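> sequence first, then the predicted structure:
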Amino acid sequence: MQLFYNSKISVNTNNFVFDKGESKHIIRVLRKKENDRLFISNGLGYLFMAKITNANDKKCAIEIISFESKAKEWNYNLHIAIAPTKLNDRFEWFLEKATEIGIDEITPIICENSERKVVKKDRFEKILISAMKQSLKYQLPKLNEAVQFSEFIKNHKGECNLIAHCENLDKKSLKSQVESSQAITVIIGPEGDFSSKEIVHALEHNFIPLSLGKSRLRTETAGVVVCNSISLIKNEM
């Protein structure tokens, strides 16, 4: 099945016209014709089946035939706050793989050792949408605006709050912390790790030090390891 995405379609939509860019892709690139079926998600857990009523490459029109609510494939809520990497493609790789595995919310955080402090949110949202469609997910992860590390720590409230860092401190295993939690937040630092001051600040706000194993991981790798490990832990329960 080929999945399309449009956030403007809802359960109350009967007819819809795609914008010029999407219309050109559907009609010219994919060579869809009138009465052809399209499967569309709005990223909010719904799958719509539609038929093309006007195969116009500038304003492709559709009629919604039916829709169904699609349950999330994972039974927990995962929020990862992560420092954007110096190279955009590494961060985009994390966004893509996290979406494929299953994640609910992502917040880019700017830390003392961050080498990238400007985030191209529009570009990153396109990566999330593409990964959602490719992996046939029906929930689009929420991508928040980038925030300073201290601001995130101060304002975040959560059930299970974890910080993955590289310093030699007493750390807890991921399994021991997430088994009984449904809402999980993990913060992951930049290439140069969190500063000692930032780690102390997080601990003062009840974030628990987290071990991701003996290897020293890249930022984007750590993000994917967290997503995959939590998925495996929760699926075994």
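Received, thanks.

> quick one, what contacts the residue nearest the centre of the chain?
Taking C-alpha atoms, centre = their mean, the centroid of the chain lies closest to Pro141, which sits 3.7 Å from it. Each residue near Pro141 by C-beta atoms under 8 Å, 6 or more residues apart in numbering is listed here: 98-99, 103-106, 128, 132. Every residue, glycine included, has its C-beta placed from N, CA and C.

> number of residues surrounding Ser215?
8 (other C-beta atoms under 10 Å).

> now the buried members of the contacts of Pro141.
Among these, those classed as buried by 16 or more other C-beta atoms under 10 Å are 98-99, 103-104, 106, 128, 132.

> if you count contacts, what does the helix of greatest length in the chain end up packed against?
The single longest helix within the chain, with elements called by DSSP state H, is helix 219-235. Counting contacts by 3 or more C-beta pairs under 8 Å, 6 or more residues apart in numbering; DSSP states H and E, helix 219-235 is packed against strand 77-82, helix 88-101, helix 174-178, strand 183-188.

> got TSV for those, with mean pLDDT too?
Listed next are the helices and strands packed on helix 219-235 as TSV, based on pLDDT from 0 to 100:
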stretch	mean pLDDT
strand 77-82	98
helix 88-101	97
helix 174-178	92
strand 183-188	97
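
> for those, give me CSV that also has distance to Val224.
CSV is the format used below for the helices and strands packed on helix 219-235 (distance: least, C-beta to C-beta, whole Å):
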stretch, distance to Val224
strand 77-82, 10
helix 88-101, 5
helix 174-178, 13
strand 183-188, 10
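
> nearest to Ile26 among the ones you listed would be which one?
Distance to Ile26, taken as C-beta to C-beta, is lowest for helix 88-101 among the helices and strands packed on helix 219-235, at 22.5 Å.

> out of everything not next to it in sequence, what's closest to Lys72?
Gln139 (5.7 Å; C-beta to C-beta, 6 or more residues apart in numbering).

> tell me the contacts of the one you found?
Shown in contact with Gln139 (C-beta under 8 Å, 6+ apart): 43-45, 72, 104, 132.

> the helices in this structure, which residues?
Going by DSSP H, the chain shows helices at 20-24, 88-101, 121-134, 149-155, 174-178, 196-204, 219-235.

> closest one to Asn6 among those?
Per C-beta to C-beta, nearest to Asn6 of the helices of the chain: helix 20-24, 7.4 Å.

> in that closest one, what counts as buried?
23-24.

> same check, this time on stretch 78-98
Neighbour counts over stretch 78-98 (16+ other C-beta under 10 Å) mark 78-85, 90-98 as buried.

> same deal with stretch 54-73?
55-56, 60-62, 64, 67.

> now the two most distant members of those residues.
Using C-beta to C-beta, the pair of those lying farthest apart is Asn56 and Phe67, separated by 23.5 Å.
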